[in-house]
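> Provided below for reference: sequence and predicted model.
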Amino acid sequence: MMNNKAYIQADELVKVFRLGTVEVQALRGLSMQVNKGEMVAIVGASGSGKTTLLNILGGITRATAGNTIVAGYDVTNANPTQLVALRREVVGHIFQELNLLSTLTAYENVELPMLAAKKDGGTRKRRTEELLEIVGLADRMHHKPDELSGGERQRVAIAAAIANDPMVLLCDEPTGDLDTETGAIIVEYLHKVNKEFGKTVIMVTHDPSIARQCDRIYRIRDGQIISVQSPTADQEMGAASRVDVVRERLQEIKEEIARLDEEAKKGGIDLGAFAARRVKLTDRQKLFEEEMHRLGL
Ligand SMILES: Nc1ncnc2c1ncn2[C@@H]1O[C@H](COP(=O)(O)OP(=O)(O)OP(=O)(O)O)[C@@H](O)[C@H]1O
Ligand SMILES: [Mg+2]
């Protein structure tokens, strides 16, 4: 355990694939950090190294050079037994394709990782039903993958990936083959896994609107991170300036009410006109106060 390190950390990762005499450099000194509880997106062109990075973080592929820490585990120096434990208990992995076994039902696919982890029958049954409930598929549990829609299959994949309660969820294009609406539903479930269950989520996506919903966006090009953006922080800044505008408007309304009251006291305004304007202004004040409330104040 290295407490001075980030929760998830890649240091100068290099990955070279050798096919005969041909060498492919999939990663060229890639470094990144992700904090606990974050949901981040990885974007980049096809072949830029996204899947390779996820597979190294998930302990499937060994880096040629560099270091990897995942949830405090030193993945780089883990032996094969430790890597199996990492994959079983620490990370959940949703792949770009082929997440489910076609001969098993949704129920059995979700139960499988718990069988591998030697959970007892009662726990498995309870947890499988709970997970299928969470992803909204309680009524599809006896369907096999080819009897489910693409979106439903990905929801089963999410349920299976979080079955052993991993701390980190790695998702490789989880909305890849889905239409926009179905993709949005999948992303909603991933946000739920992130926010409600506190899992750290790393998601590869090509969809900028999905990436923008994450805490940070890492852009990969040619096996390196070329930029890191914080869209939600930018949004918060936007909200902060909206708060200023609303607060200013609210102050103006209050001053206008005070002036009106002064005028009425001095008898410079007839009672009917006063009442009408007073009601209108207090309604407006209420509206802006509600808006302040919505903005979290
Ligand atoms: N097992 C492998 N053997 C040889 N080369 C590989 C292997 N896996 C990946 N590569 C190569 O490494 C590079 C990065 O591949 P990777 O799958 O990480 O890209 P990606 O960013 O996930 O692309 P996509 O968006 O198409 O999924 C590519 O040039 C690819 O051809
Ligand atoms: Mg890929």
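The structure has been received and is ready for your questions. Ligands and ions are numbered 1, 2, ... in the order given.
> Please name the bridge partners of the closest residue to ligand 2 within the stretch 101-250 of the chain.
Residue nearest to ligand 2 within the stretch 101-250 of the chain: residue 172 (5.9 Å; CB to the ion). Glycine gets a C-beta too; all of them are placed from N, C-alpha and C. For residue 172, the beta-bridge partners are residue 204 (DSSP bridges).
> ok, which stretches of the protein are helices?
Secondary structure of the chain (DSSP state H): helices at 50-57, 80-85, 106-116, 121-134, 150-161, 180-195, 208-211, 231-265, 271-294.
> Tell me how many other residues surround residue 131.
For residue 131, the neighbour count with other CB atoms under 10 Å is 25.
> So for it, what's the nearest residue that isn't a sequence neighbour?
The spatial neighbour of residue 131 that comes closest, neighbours along the chain excluded (CB to CB, 6 or more residues apart in numbering), is residue 159 at 4.0 Å.
> Need the pLDDT of that neighbour.
The score at residue 159 is 92. That number is its pLDDT.
> My guess is it contacts residue 134. True?
Yes: if you go by CB atoms under 8 Å, residue 159 and residue 134 touch, sitting 6.8 Å apart.
> picking up where we left off before, what's the neighbour count on the residue nearest to residue 131?
29.
> what does the protein put close to ligand 1?
Residues of the chain lying close to ligand 1 by CB under 6 Å from any ligand atom are 17, 19, 24, 26, 44, 46-52, 96.
> ok, and of those, which contact ligand 2?
50, 51 (CB under 5 Å from the ion).
> Can you say which two of the residues of the chain next to ligand 1 are spatially most distant?
Within these, 19 and 44 form the most distant pair, 21.8 Å apart (CB to CB).
> Which one's more surrounded, those two?
Comparing residue 19 with residue 44 by other CB under 10 Å, the one with more neighbours is residue 44, at 20 against 7.
> Just give the nearest non-adjacent residue to that one, would you?
residue 220 (3.5 Å).
> cool, residue 187 as well?
If the residues on either side of it in the chain are set aside, residue 187 comes closest to residue 210, at 5.3 Å by CB to CB, 6+ apart.
> if I read this right, the one you found contacts residue 185, doesn't it?
No: using CB under 8 Å, residue 210 is not in contact with residue 185; the gap is 11.6 Å.
> who has more neighbours, these two?
residue 210 (20 against 17).
> For residue 7, which residues are in contact?
33, 34, 35, 36, 69, 71, 72, 200 (CB atoms under 8 Å, 6 or more residues apart in numbering).
> Please tell me how far it sits from ligand 2.
Distance, residue 7 to ligand 2, by CB to the ion, to the nearest Å: 23 Å.
> returning to that earlier point: tell me the confidence at the residue nearest to residue 187?
With respect to pLDDT, residue 210 scores 88.
> The residue nearest to residue 44 contacts residue 46, correct?
No: with contacts counted by CB under 8 Å, residue 220 stays clear of residue 46, the gap being 11.0 Å.
> Which one's more surrounded, those two?
Taking other CB under 10 Å, residue 220 and residue 46 do not tie; residue 220 has more neighbours (22 against 7).
> Could you count how many residues lie near residue 265?
Counted with other CB under 10 Å, the neighbours of residue 265 add up to 9.
> What separation is there between it and residue 67?
74 Å (CB to CB, to the nearest Å).
> cool, residue 203 as well?
Residue 203 is 23 Å from residue 67, by CB to CB.
> same thing with residue 51?
Distance of residue 51 to residue 67, given as CB to CB: 20 Å.
> Quick check: residues of the protein near ligand 2?
Going by CB under 5 Å from the ion, the residues of the chain near ligand 2 are 50, 51.
> swap the cut-off to 6 Å and go again
Within the chain, the positions near ligand 2 by CB under 6 Å from the ion are 50, 51, 96, 172.
> Between all of those, which two are at the greatest distance?
50 and 96 (9.1 Å).
> Let me see the contact set for the residue of the stretch 1-150 of the chain found nearest ligand 2.
For the stretch 1-150 of the chain, the residue closest to ligand 2 is residue 51, as judged by CB to the ion, at 3.1 Å. Contact analysis of residue 51 by CB under 8 Å, 6+ apart lists 96, 172, 204.
> give the contact list for residue 226.
By CB under 8 Å, 6+ apart, residue 226 lies in contact with 219, 220.
> so where is the protein shaky, pLDDT-wise?
1-4, 232-242, 245 (pLDDT under 70).
> Would you map out the domains in it?
As given by automatic domain parsing, the domain ranges for the chain are 36-60+93-229, 235-294.
> What is the distance between the shortest one and the centre of its chain?
Using CA atoms, centre = their mean, to the nearest Å, the distance from the centre of domain 235-294 to the centre of the chain it belongs to is 39 Å.
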